[in-house]
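sharing a model that was predicted from the sequence below.
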Amino acid sequence: EGEWLEKKHKTKRKRRSWRKLHLGLDLVSGEIVCSDLTTDDVGDPTALPDLLDQVDGPVALFLADGVYDGEPTSDLLAARFGSMIEVAIPPPKNAILSPNPAQSPSIRDRHIADICAHGRMAWQKSSGCNQRSRGETQMGRWKTVIGPKLKARTIENQKTEAKIGVRVLNRMTGLGRPHFERTA
């Protein structure tokens, strides 16, 4: 459609820029612990250091999409939270082992070996990687409650709008989650 309009009217369509909303969730409380709104030219791994700067407490498990797969992410997580952090990032289907997996296997090498031995679905279940769906659910809540579009025009105001949205969703999460106490 875009090319047809350009040929017919001999004009260039102005491309609308889009934004990426990066969210970090606490799986226990369901709250958003870190967020960032970036332009479309900022990659997900590039935004990770700023997201991790917002995390106050310790992190035991890091779940992410396959786009975060690689040594820079693993090195950053180990430097920030120690080498004991559990990382569950799905490697691509054509992933290969590191040069010497027998002497010093990395977490990624163990994931690749588990996937080869038991299959991807079994690995997702055993590693907890299937919990990433909570992030997708949170994004669905965002679009339902806050809306699918930003109202502000400048990136600074859009970032403020995103922070307000995070506070609203966290407030709703705090009000709507049941609190259980053992009585007997």
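Yes, it's here. Keep in mind that this is a model prediction, so the values were computed, not measured.

Phe62 belongs to a strand, doesn't it?
Yes - with DSSP: H, G, I helix; E, B strand; the rest coil as the criterion, Phe62 is part of a strand.

ok, how many other residues are close to it?
Phe62: 20 surrounding residues under other C-beta atoms under 10 Å. To be clear about C-beta, it is placed using only N, CA and C from the backbone, and glycine gets the same treatment.

partner residues bridging it?
Beta-bridge partners for Phe62, by DSSP bridges, are Val87.

for it, give its distance to Pro90.
From Phe62 across to Pro90, the span is 13 Å (C-beta to C-beta, to the nearest Å).

not counting sequence-adjacent ones, nearest residue to the residue positioned nearest the centre of the chain?
Nearest to the geometric centre of the chain sits Ala64, at 5.1 Å (C-alpha atoms, centre = their mean). Spatial nearest neighbour of Ala64, chain neighbours left out: Ile89 (5.1 Å); criterion: C-beta to C-beta, 6 or more residues apart in numbering.

spit out the contact partners of the one you found.
Going by C-beta atoms under 8 Å, 6 or more residues apart in numbering, Ile89 touches Phe62, Leu63, Ala64, Asp65, Gly66, Tyr68, Asp69, Thr73, Arg108, His111, Cys129.

all good on my end, thank you.
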